[in-house]
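S.K.: Okay, structure incoming, though there's no sequence with it:
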């Protein structure tokens, strides 16, 4: 996603673009000249840049995510080679892991096929897909997300079957715009919001305007304003979460994975959504310290290696892109 800063909708996003480019270490002389010109355009540009830079600096460990060449993993000294028994000892675990991964792939393929039959649009793994909806609204689908579009006479309805989607709603249409996920509904009141369905819970974040989020236990619904976040589980009430930030909320739209002080297992699962192969963690990470970082959606394997180093894990890569993290 090589967006020009002039295409971005807010000053904060323009500033974020420059922070990410500078942190990457791959800025060209032409880009640097453009950055300096942008920075000198007004004091507001300088202030926005300073704010966004402070945000990224506050995320512990994020600088490792921008390393173009991850540091090599520490490897044990080679084992002495002896016929048959040594080969089996060194490769037997790998073969067993590969067999397990192949079996799980067959199990996981069944629900995926069922979702694809119900969906009108699906984003492939690692893909950020933009949809033009029939009313002129826009939907962006995160990696692996799936939606069914049901526009009728009385309402504009999108069912989020899986993953995360961001909606920029076109107004002037008298039909309400609603996003259904699990047993809850998010109704647009103003402009733009994200709905994320992971497992048996749904998170809603508002990037602009406001929405009304309803579940069977919440009655008439809860109004969520800009940068507000709520969550509900299947059959549960709508609960408030800590407010988000303009830079971090739905950052995947700009090709970024923002992980802020999250458990290792959650961070690995978040990065794994952008990989083409399956990812398994066969080590107990419950005692590991939380991790933070800013990673690129188009480089999930580098992000996985970085997270593994943070948590003291090793990554073993198997055929078909399967990755296994272990001690």
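M.R.: Noted; the coordinates are in hand. Just so it is clear, the model here is predicted, and its values are computed rather than measured.
S.K.: Distance check, residue 211 against residue 218.
M.R.: 13 Å (Cβ to Cβ, to the nearest Å). (C-beta placed from N, C-alpha, C; glycine too.)
S.K.: what do you get for residue 302?
M.R.: Using Cβ to Cβ, we find residue 302 at a distance of 41 Å from residue 218.
S.K.: Comparing residue 211 and residue 218, which residue is more hemmed in?
M.R.: residue 211 (32 against 17; other Cβ atoms under 10 Å).
S.K.: separation between that one and residue 44?
M.R.: For residue 211 relative to residue 44 (Cβ to Cβ), the value is 28 Å.
S.K.: What is the burial count for residue 166?
M.R.: A total of 23 residues lie near residue 166 under the criterion other Cβ under 10 Å.
S.K.: how's this protein carved up into domains?
M.R.: Following automatic domain parsing, one gets these domains for the chain: 5-58, 69-117+255-327, 129-241.
S.K.: Flag the shaky bits of the chain, pLDDT-wise.
M.R.: Applying pLDDT under 70 to the chain flags residues 1-9, 23-27, 53-113.
S.K.: Just the endpoints, please. Distance across stretch 218-229?
M.R.: End-to-end span of stretch 218-229 (Cα to Cα, to the nearest Å): 16 Å.
S.K.: What are the contacting residues of that stretch?
M.R.: 185, 187, 189, 193, 203-214, 230, 232, 237-238, 240-246, 249 (Cβ atoms under 8 Å, 6 or more residues apart in numbering).
S.K.: And stretch 36-49, by the same measure?
M.R.: 5, 11-12, 14-15, 18-19.
S.K.: So which bits of it are buried?
M.R.: 38, 45, 48-49 (16 or more other Cβ atoms under 10 Å).
S.K.: These in helices, which ones?
M.R.: 38, 45, 48-49 (DSSP state H).
S.K.: For these, give me JSON lines that also has distance to residue 161.
M.R.: Formatted as JSON lines, those follow (distance: Cβ to Cβ, whole Å):
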{"residue": "38", "distance to residue 161": "40"}
{"residue": "45", "distance to residue 161": "41"}
{"residue": "48", "distance to residue 161": "37"}
{"residue": "49", "distance to residue 161": "39"}
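S.K.: helix/strand/coil for the nearest residue in space to residue 295 that is not next to it in sequence?
M.R.: Once flanking residues are discounted, residue 295 sits nearest to residue 303: 3.7 Å by Cβ to Cβ, 6 or more residues apart in numbering. What DSSP: H, G, I helix; E, B strand; the rest coil gives for residue 303 is helix.
S.K.: I figured residue 303 hits residue 309, correct?
M.R.: No - contact criterion Cβ atoms under 8 Å: residue 303 and residue 309 do not qualify, at 11.0 Å.
S.K.: the more surrounded of those two?
M.R.: Neighbour count, other Cβ under 10 Å: between residue 303 and residue 309, residue 303 has more, with 26 against 17.
S.K.: for that one, what are its contacts?
M.R.: Going by Cβ under 8 Å, 6+ apart, residue 303 touches 65, 257, 271, 274, 293, 295-296.
S.K.: ok, now how distant is it from residue 29?
M.R.: Separation of residue 303 from residue 29 (Cβ to Cβ): 28 Å.
S.K.: Thank you kindly, that will do.
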